[in-house]
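**Q** output the structure for:
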Amino acid sequence: MKRTRQERIRLGVLFVLMGLFFAAVIGRLIYLQILKGPEYSQVVERQSSGKVAIPAERGLVYDRYGNLVAKNVTRHSLYAHPDSKKQTGEVAAYLDRLLDLRRGQALKKYRLEENRFRWIERHISDELAARVTADSVPGLYLREEAVRQYPYGNVGKQIIGYTNIDGQGLSGFELACDSLLAGRNGWADIRRDGRREIYRVHEQALIKPEPGQSLVLTVDSRLQEMTEQELAAAVHEFGARSGMAAFVDCTSGDILALAHYDPEEKNPDKPTKLCAISDLFEPGSAFKPFTAATLLDAGVVDFKDSVYCEMGAWPVNRRVLHDDKKHGFLRFRQIIELSSNIGLAKWAIGLDGPEFIDTYRRFGFGQKTGCGLPGEASGRVFAPPTWSDYNIAALAMGHSVSVTALQMTMAMAAIANGGELLEPRLVLGTVGDDGLVQIVGERQVVRRALEPHSADSLTAFLRGVVEKGTGKPANSEYIAIAGKTGTAEIVNTESGGYIKDHFMASFCGFFPHESPVVAGIVVLKDPRPITYGGYTSGKAFRRIAERYSACNPDLIASRERTFVADERPLQATVMVPNFVGRHIEQARLLAETRGVKLRDTAEDGIVSWQYPSPERLVFSQDEVVVAVRSTADSCLHMPDLSGMTIRKASAFLCHLGINLAVEGSGEVFQQSIPPGTALVAGTTCRLVCKPEEEWSALSDSLSS
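**A** As a prediction, the model looks like this:
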């Protein structure tokens, strides 16, 4: 059929219009998809998705024997993220019912708004979390969060510190190593549908969080607990306002315990400072060993010579030096033992003042120790504008200087170890994902503080202080202690000078004297009515040393001091499971599964106690001692203790109320109560111990 000219024109116009239409559509698609594609993709992504941070798990913290001192537990937290006004109203109404609030109160209390993230309640109870899970409304969500927990409670909290609700370190070690412990957060996404309602919240990460580094401290939790207990007891016994203490391994510089006690401290569970490193005090006579070190190194002391001590009063530059007691002629050793101000001043005036300043600085005074904890003070040691005999004498007696407890401890450790000032170490090692413990660094010697022969002489003098001098109250029949007492008037920081009849009492020393392992100091602020350092701080120091050596006799005498310092090759470590409450057969199976060995007291029954404690880090195939209470016999029976360290044996006997008598050192070779004997509280078990090599030789000879 032949179309008319008019029809052809119409069809042509129609084709042109259709071509223009499709050209416009294609052009628009090119504009949207290619030219504007990236921009609109971002808009769509913003409108349909979002990101939620996934906190990284904070690293665990262990003490030097693998005891867990800071860990994480999981808690639920409730948050709101409504996406519309309707959803905001529904969330508010639900929260009013859930939390027993007045109608409309939740909207104002939590400032609920559409497209706004709001925390409702952090770390809620499991019961409340279950209820939310069962009947929650859109816009309200639960999230699992890790909460920091300290198994030892407030013990060691001053060193460890604490975190805020978001897991950020606020004080102590938690703050100092926050970047290592915190790890790196991950991210999860949220998705919205076409009505912009959230239909999916991913806790599966887009970017996985990286857990924080787990660390091993040099701190000994048992010594830390003893120190805190005895410090509190001393403050109350001697009427002091407060007290502080520090203990270190004088052979390695490892910090074993740092503590303070103030009855008026408002929040002991959230300590903001550690007085042992931040509070300055004038040491008084406790500083005299470092003056003696200057004189000994200078070679000016003749041990045969005697100095007349003026019967207790000696005028110097229009001032009068006094001794607490009247002394006549004293030799140098007696001057140290009896703490004669006059005798030491007469020796010191023979040297130039700058020589003393140089020696004090070699011992680390006037500078931070570098312990790594926040808030450490440097103290002050400075030369006066002009040197006079009185200025030298005052400096020699420990006046006009300010120190911290840790500085004094590290300086005393230098005397104990033969003259080397060590850098205090707080981090012993790191725990990898594979369970291996890697030691962080070697023993760091800052400098030589005094010559070995001078250190030997001073060590003998300081033992004499405790045996027959001002430190007699610190003398112990169980452990040989050496040290120096100090009783100094408290400095008036506001007006200058001193506060009359108010004293800082201290005892700084080390033990055991024959082969020093632990150095430390105890300081009591304003004890009353007894003010002398020997009778107050010295007694507290003695009690700490006795308790520590009684619980750790092998620690003092043995080469094995930490679980990472074991002579065995470093191997995978495991966490001790909880055996208490399990049947012994179940416990054995669990022990085999976890890679530890069991030493039990009965073939059948329920485990009532174990050592080491649960969650402690030990070497694979290490032995765990368990007390088993038989179902047929209510008594506990003596296990075979042979081959055990004294620490394990003493822990078991202490749990049972059995007194312990130890002969020798090393590992248990013989026991007075035979294995299998029914145990009665209050009896005494005598253990004969020998070093491992002697034990093996004797065992071989007996078996042959």
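
**Q** element containing the nearest residue to V147 once chain neighbours are set aside?
**A** Computed as C-beta to C-beta, 6 or more residues apart in numbering, the closest residue to V147 that is not its neighbour in sequence is R75, at 4.8 Å. No exception for glycine: its C-beta is placed from N, CA and C like everyone else's. R75 is part of strand 68-80 when elements are defined by DSSP states H and E.

**Q** how about residues contacting the next helix or strand after that strand?
**A** Counting by DSSP H and E, the element after strand 68-80 in chain order, helix or strand, is helix 85-98. The set of residues external to helix 85-98 that reach it, using C-beta atoms under 8 Å, 6 or more residues apart in numbering, is 80, 82, 101-107, 110, 112-114, 120, 128, 131-132, 136-140, 197.

**Q** among these, which are in helices?
**A** When these are checked against helices using DSSP state H, the ones located there are 105-107, 128, 131-132.

**Q** quick one on the thing from earlier: what angle sits between the strand holding R75 and helix 85-98?
**A** For strand 68-80 and helix 85-98, the angle between their directions (axes from the mean of the first three to the mean of the last three C-alpha atoms, to 10 degrees) works out to 120 degrees.

**Q** okay, domains of this structure per the record?
**A** For the chain, the domain assignment from automatic domain parsing gives the residue ranges 5-35, 52-153+182-212, 221-557, 573-703.

**Q** drop anything exposed from the contacts of helix 85-98.
**A** In terms of neighbour count (16 or more other C-beta atoms under 10 Å), the buried residues within the contacts of helix 85-98 are 80, 82, 101, 106-107, 110, 112, 114, 120, 132, 137-140.

**Q** hmm, back to that, please identify the most buried of the domains of the chain.
**A** With neighbours taken as mean count of other C-beta atoms under 10 Å, those reach their highest mean count in domain 221-557, at a mean of 21.

**Q** would you turn the ones in helices among the contacts of helix 85-98 into TSV with pLDDT?
**A** Output for the ones in helices among the contacts of helix 85-98, formatted as TSV (pLDDT from 0 to 100):
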residue	pLDDT
Q105	83
A106	83
L107	83
L128	87
R131	85
V132	85
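
**Q** which single one of those residues is nearest to A681?
**A** Using C-beta to C-beta, L128 is the member of the ones in helices among the contacts of helix 85-98 that sits closest to A681, with 45.0 Å.

**Q** which residues does the closest one contact?
**A** 76, 78, 98, 121.

**Q** distance check, the last one against A130.
**A** Meaning E121. The spacing between E121 and A130, counted by C-beta to C-beta, to the nearest Å, is 14 Å.

**Q** which residue, other than its chain neighbours, is closest to H502?
**A** In space, H502 comes closest to I490 once its chain neighbours are excluded; the distance is 4.6 Å by C-beta to C-beta, 6+ apart.

**Q** check which helices and strands the helix or strand hosting I342 is in contact with.
**A** For I342, the host element (DSSP H and E) is helix 341-348. Helix 341-348 makes packing contacts with helix 288-298, strand 306-308, strand 313-316, strand 319-322, helix 332-338, helix 389-396 when contacts are defined by 3 or more C-beta pairs under 8 Å, 6 or more residues apart in numbering; DSSP states H and E.

**Q** give me the contacts around the next helix or strand after it.
**A** The first helix or strand that comes after helix 341-348 along the chain, using DSSP H and E, is helix 353-362. In this structure, residues lying in contact with helix 353-362 by C-beta under 8 Å, 6+ apart are 290-291, 293-294, 297-298, 348, 366-367, 381-384, 387, 391-392, 395-396, 401, 421, 447-450.

**Q** convert helix 353-362 to PDB, retaining C-alpha atoms only.
**A** Provided in PDB are the C-alpha atoms of helix 353-362 (Å, rounded to 0.1, in the frame of the first residue of the first chain):
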ATOM      1  CA  GLY A 353      80.900  19.000  98.100                       C
ATOM      2  CA  PRO A 354      80.800  18.500  94.300                       C
ATOM      3  CA  GLU A 355      82.300  15.000  94.800                       C
ATOM      4  CA  PHE A 356      79.200  14.000  96.800                       C
ATOM      5  CA  ILE A 357      76.900  15.500  94.200                       C
ATOM      6  CA  ASP A 358      78.600  13.400  91.500                       C
ATOM      7  CA  THR A 359      78.300  10.200  93.500                       C
ATOM      8  CA  TYR A 360      74.600  10.800  94.300                       C
ATOM      9  CA  ARG A 361      73.900  11.300  90.600                       C
ATOM     10  CA  ARG A 362      75.800   8.100  89.800                       C
END
